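> Turn this into a structure:
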Amino acid sequence: MFFFSILCALLIDHFRPMRTNNLFLALLRATGAHVRSWCDTGTSHHGCLGWIVANAMLAIPVLMVYWICQLIHPLLGLLWSILILYLCMGFRNYNHYFSAIQMALLNGEQMQARNLLGEWCDCDASAMDTADITRMAIEKALISVQKDVFGIIFWFVLPFGPAGAILYRFSSYLQKSWNEPDDSDSFGLFAKKIFYWIDWVPVRLTALSFAIVGNFEDAIYAWRNFAGRWKNRNIGILLASAGGAMGVKLGTPFERAIRGTFVDLNSFVTMGYESESFPGEEPKIRYLQSALGLIWRALLLWLLLLFFFSIAFNFA
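Numbers count the residues shown, from 1 in each chain. You can find the predicted model right below:
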């Protein structure tokens, strides 16, 4: 049943994607803001309490409704699962900006591409060249798909079903909203740390999927030798494996920090590491289409595996 739920949610999202300012996201924002106002004393242990309360407020009702639906009729449970997945997932979330940036670069409208990228990533892209714009667009798309699709699918197929999807989606939101750049207290530290472990297995499964559907040897090589050079190892594994699978260099010298030492991978010998280069070429416009192909192939691989797994489970 979980395979059919995921497939239906993806199809609905494809033909009728959720708006950016939808009611579900408004609910997440309101819940996160209210819980923070109740619990925020500037300390990390109150951040832990706030995270538990916030997730319980959404995950427990979703789980209870799912169980009630299952008791009444499995079809109701299926419909509830599809609804929750549709609300949580957003396979098309990255598509608007990504496609617009790709078209702007293809048409030679670099300024338009910079403006779109700056709006999408909430950063200053005014000084970026085509290679930097391409790199950042690919990275943003890969991270978005991980958090909006692959991570949610992984937590949905666990025993808690739609409650697991809500847990992942809300945890992803809290680790970002409770750790804004202008926050001066440690309230959001727990949300950031716990999401790292919540996303630990899904990220590695996604990275393995990229390796399988892309250049396997380069993806594994980049994973093993370059993932640790990002400050967030989960993001490092995801981007390193994807870059190796596509044959494109991702990341900046700042993101490739090794134990606090900033290095340029094109020329460095430091702290016992051998001089070696990230496999692949510098980012070019054509790699935007390669990134789309990699994402689609990885998603089809997940769906195929889930289909066979559901058949084996039903006949077991």
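
> number of nearby residues for residue 224?
Residues lying near residue 224 (other C-beta atoms under 10 Å) number 13. Any C-beta I mention is one placed from the backbone N, CA and C, and that applies to glycine too.

> need the contact list for the nearest residue to residue 8 once chain neighbours are set aside.
Of all residues not flanking residue 8 in the chain, residue 82 sits nearest, at 4.8 Å (C-beta to C-beta, 6 or more residues apart in numbering). For residue 82, the set of contacting residues under the criterion of C-beta atoms under 8 Å, 6 or more residues apart in numbering consists of 5, 8-9, 12.

> swap the cut-off to 6 Å and go again
When contacts are counted by C-beta atoms under 6 Å, 6 or more residues apart in numbering, residue 82 is found next to 5, 8-9.

> Can you give me the pLDDT of it?
Residue 82 carries a pLDDT value of 95.

> Spatially nearest residue to residue 212, not counting backbone neighbours?
In space, residue 212 comes closest to residue 301 once its chain neighbours are excluded; the distance is 6.3 Å by C-beta to C-beta, 6+ apart.

> how many other residues sit next to residue 51?
When neighbours are counted by other C-beta under 10 Å, residue 51 registers 27.

> likewise residue 83?
Count around residue 83 with other C-beta under 10 Å applied: 17.

> contacting residues around stretch 242-254?
Counting by C-beta under 6 Å, 6+ apart, the neighbours of stretch 242-254 from elsewhere in the structure are 139, 142, 210-211, 214-215, 218-219, 222, 239, 262, 264, 278-283, 287, 290, 294.

> repeat that with 8 Å
Stretch 242-254 has contacts (C-beta under 8 Å, 6+ apart) with 135, 138-139, 142, 207, 210-211, 213-216, 218-223, 226, 229-230, 236, 239-240, 262-265, 278-284, 287, 290-291, 294.

> What mean pLDDT does that stretch get?
Stretch 242-254 comes out with an average pLDDT of 81.
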